[in-house]
Every structure is written in structure tokens, then in C-alpha cells.
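Peer 1: coords please:
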Amino acid sequence: MKTLAKFFLILLVIAGCSKAPVESKAPSDYIAKVDGSYIVEKDLKKQFNALPDFMKTIYNNAEGKKKLADELVKKELIYLEAKKQELDKSPEYKEKLEEFQKLSLISMLLTKEIEEKAKVTEEDVKKYFDTHPDEFSTDRVRASHILVSTKEEADSLLKKLKAGEDFAALAKKNSIDKGSAAKGGDLGFFGRGQMVPEFEKAVFSMKKGEVSEPVKTQFGYHIIKLTDLKKGEKADYDKVKESLSKKLLTEKRRAAFDSYIEKLKNSYNVEINEDKLKNIKLAD
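Peer 2: Coordinates of the predicted model:
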């Protein structure tokens, strides 16, 4: 990735500097000349507009413009030296150029087909807020869990719990979450947004004293016991609308992406060589 990042820097130089022979008439708006190339006003503005907003205020002055111009000169010097050493003729360069072209086209297509089409309106956000009141309550729950690696282990422990064995004792003996296991599986009180989605969805749908079926998350399989519940108020819409909008936009784009990929799969022939794939060693 570091090598690719360096390559992108070179490409920025190519795109960011005008190429005009020294013998030709200098552009009226040139701000620097490096050997056979001129750096002009639009190059400086392009460099400035690529900065994050908080940095634009730092560079929007005489000293900042000088620093940006110096950076453009440095890039041009490195670019010219790379050309002089004929690095642009190397197989490595050509391979990276092809990869960059591919990534650029992928980015352009996804922007066109996903980002520009998958939009979330203010009405979408408000409707979701109003129709999912439980997600925006300040309810807090207290739960205990037993975390194990396999579904078989979880099923076995659930049978023992249904037969009357003590939850805390089983958690201490079997849970791979050693921090909570020492406390009989107790996780203390927590609100929404503090646990992984699968765990949160399960625990906030339970009744006090209830024990869940095995719940799969990225960590393994959980058996959850809801031990306490503190009802809260519904969150203020103005305080959550921004984060909710981002959440809905992410979900909408993910769904649009998945749908688009399925559409493409039906338009192209895709074949996975499973035998070859399983025999590849990625690391020794």
C-alpha cells in the first residue's frame, strides 16, 4: 500500500502540472517554472481544493500559497527525475498504472451507479425515526452472557440451563470472555449502540429474566440473560438525525451495491476455480 501511495503521488504530479517547453511563450498565469514545465494558477487552485476544509483556512494566505507552490515544485522535480531515469518504462510502473486505471474506473462507476442514485431524504430519516421508537429510546439494560466458540457448545450449555443449572456458574466455567466470566457473565448496564448489532438486537427484544437462544456474532456464540431493565425517554430527533441519516445512507448504498453486483453477475460469465483456490498458500 505504501508503494501504491507513492505511485499516486507521481500521478498527481502528472495531472497537476502543465507541460510547456521552456522555449515557448510562458503562460501569463504561471507561478513557477521547473526545467521544461510551467506550474500555473489552476495547478495551485487544484492543490488547494484537494485540502481538507480545516486546512484550507491555514493555507488561504500569502505564506500558505508559497508553501503550496513549493510542494508543486517538489513534485515536479521528483517527476522529472523519475522520467529521466526512465522509471515510466519499467514493468513495475506499467503494472501499477494498470492497477490505478482499474481503481479509478471502479470508483467512477460506483459513484455514478451507487452514490449518485442512493440518496436519503429528510423525510426518509424522519419516517424511520417515527416508525422505530425502540431504537431511539434511552433504555438501559443489564445482561449476562456466556460466550463460546461453536454452536454445539452453545446448544449444550443451553440444555444445561433449561435443566436448571446456574447461569453464573456455567459462565465462570465455560465463557471465553474472561472479563465477564469472572463476574458470572455480568456485563453491567449498557444502552443502545454499545454492543455489536446482533447482540443488541437480541438483548433489547428480551424480557427481564429471559435467557436467549444462541446468538451468533463476530466473537462467537452468546447465550444471553437479561437481568435488569431501566426504561428511558425517547431521544430528541434533532440530536440523532445526523447520525441516523448517515446510517440509513450507508445501509441504502450497501443494498444498492449488493443489488448492482447481482445484476452484473447475470450479465457476465463468472467462474471460480475452487480446486485452485483452496490449494493456494497466501503465507508460509
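
Peer 1: measure the residue nearest the centre of the chain to residue 257 for me?
Peer 2: Closest to where the C-alpha atoms of the chain average out (Cα atoms, centre = their mean) is residue 250, at 9.8 Å. The gap separating residue 250 from residue 257 is 10 Å, by Cβ to Cβ, to the nearest Å. (Each C-beta comes from the backbone N, C-alpha and C, glycine too.)

Peer 1: pLDDT below threshold where in the stretch 151-284 of the chain?
Peer 2: 284 (pLDDT under 70).

Peer 1: need phi/psi at residue 233.
Peer 2: For residue 233, the backbone dihedrals (degrees, to the nearest 10) come out as phi -100, psi 160.

Peer 1: I'd say it and residue 139 touch.
Peer 2: No: assessed by Cβ atoms under 8 Å, residue 233 is found out of contact with residue 139, at 9.2 Å.

Peer 1: who's more crowded, the two?
Peer 2: residue 139 (15 against 9; other Cβ atoms under 10 Å).

Peer 1: tell me the secondary structure for the residue nearest to the centre of the chain?
Peer 2: For residue 250, the assignment made with DSSP: H, G, I helix; E, B strand; the rest coil gives helix.

Peer 1: same deal with the one 4 residues further on?
Peer 2: Secondary structure, three-state DSSP: residue 254 is helix.

Peer 1: any idea how far it lies from residue 105?
Peer 2: Remark: distance between residue 254 and residue 105 (Cβ to Cβ) = 21 Å.

Peer 1: and what of residue 119?
Peer 2: To residue 105, residue 119 is 23 Å away according to Cβ to Cβ.

Peer 1: can you pull out the strands in the stretch 51-200 of the chain?
Peer 2: Ranges of strands in the stretch 51-200 of the chain, per DSSP state E, counting those that start in this stretch, are 140-148, 186-190.

Peer 1: tell me what angle the shortest one forms with strand 140-148.
Peer 2: Read it as strand 186-190. Angle between the axes of strand 186-190 and strand 140-148 is 150 degrees (criterion: axes from the mean of the first three to the mean of the last three Cα atoms, to 10 degrees).

Peer 1: so what touches strand 186-190?
Peer 2: 140, 141, 142, 143, 144, 145, 168, 180, 227, 228, 230 (Cβ atoms under 8 Å, 6 or more residues apart in numbering).

Peer 1: hmm, 6 Å instead?
Peer 2: If you take Cβ atoms under 6 Å, 6 or more residues apart in numbering as the criterion, strand 186-190 is touched by 140, 142, 143, 144, 180.

Peer 1: now those in JSON lines, with neighbour count and distance to residue 124?
Peer 2: Shown next, in JSON lines, are the contacts of strand 186-190 (neighbours: other Cβ atoms under 10 Å; distance: Cβ to Cβ, whole Å):
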{"residue": "140", "neighbour count": "16", "distance to residue 124": "28"}
{"residue": "142", "neighbour count": "17", "distance to residue 124": "34"}
{"residue": "143", "neighbour count": "25", "distance to residue 124": "32"}
{"residue": "144", "neighbour count": "22", "distance to residue 124": "37"}
{"residue": "180", "neighbour count": "19", "distance to residue 124": "38"}
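
Peer 1: pull the number of nearby residues for residue 76.
Peer 2: 24.

Peer 1: setting aside sequence neighbours, what's the nearest residue to it?
Peer 2: residue 34 (4.3 Å; Cβ to Cβ, 6 or more residues apart in numbering).

Peer 1: could you point out the longest strand in this protein?
Peer 2: strand 220-230 (DSSP state E).

Peer 1: buried residues in that strand?
Peer 2: Across strand 220-230, burial judged by 16 or more other Cβ atoms under 10 Å covers 220, 221, 222, 223, 224, 225, 226, 227, 229.

Peer 1: re earlier: of all the contacts of strand 186-190, which comes closest to residue 210?
Peer 2: Nearest to residue 210 among the contacts of strand 186-190 is residue 143, at 10.1 Å by Cβ to Cβ.

Peer 1: re earlier: report pLDDT for the residue nearest to residue 76.
Peer 2: At residue 34, the model reports a pLDDT of 92.

Peer 1: ok, now residue 14?
Peer 2: In this model, residue 14 carries a pLDDT of 42.

Peer 1: going forward, the N-terminal residue is numbered 393.
Peer 2: Noted, 393 is the first residue going forward, which turns the last one into residue 406.
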